[in-house]
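K.L.:
Sequence first, predicted model second:
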Amino acid sequence: MKGGLDLTQDIAMEVFTAALVLALKLGLPVLIAAVVIGLIIAILQAATQVHEQTLSFAPKAIVVAIVLLLFGPWMMNSCIEFFNYIFGLMATVGAT
């Protein structure tokens, strides 16, 4: 082996950890927005005693769409950085 790295358990765990962190970073803004709007709608429905399921779906869908529009470029850049990291690692692993 001249210039490359061997695929060791450390490298595999590093990639796995980076993938999990990326998944959390990408999912949390949407999840937090959905939980917050769901809580607000639940409080309003409890206060007004209107318990219609369709009333909670539309605002959640709208808020999730807005969050995706706002955070979309950041999410895409995070994915691009991760894929560049993975492809750069693939180029060095096992290279001779």
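P.N.:
Arrived safely.
K.L.:
quick one, what contacts the residue most central in space within the chain?
P.N.:
With distances taken as Cα atoms, centre = their mean, the residue of the chain nearest its centroid is Leu26 (1.9 Å). For Leu26, the contact set (Cβ atoms under 8 Å, 6 or more residues apart in numbering) comprises Met75, Ser78, Cys79. (Each C-beta comes from the backbone N, C-alpha and C, glycine too.)
K.L.:
I'd like to know which of these are part of helices.
P.N.:
Those of these mapping onto helices are Met75, Ser78, Cys79, per DSSP state H.
K.L.:
Please convert the buried members of these into PyMOL selection syntax.
P.N.:
Selection of buried members from those for PyMOL, criterion 16 or more other Cβ atoms under 10 Å:
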select buried, resi 75
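K.L.:
Redo the ones in helices among the contacts of Leu26 as JSON lines? Include pLDDT.
P.N.:
Output for these, formatted as JSON lines (pLDDT from 0 to 100):
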{"residue": "Met75", "pLDDT": "96"}
{"residue": "Ser78", "pLDDT": "96"}
{"residue": "Cys79", "pLDDT": "96"}
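K.L.:
List just the nearest of the ones in helices among the contacts of Leu26 to Val21.
P.N.:
The nearest member of these to Val21, counting by Cβ to Cβ, is Ser78 at 9.8 Å.
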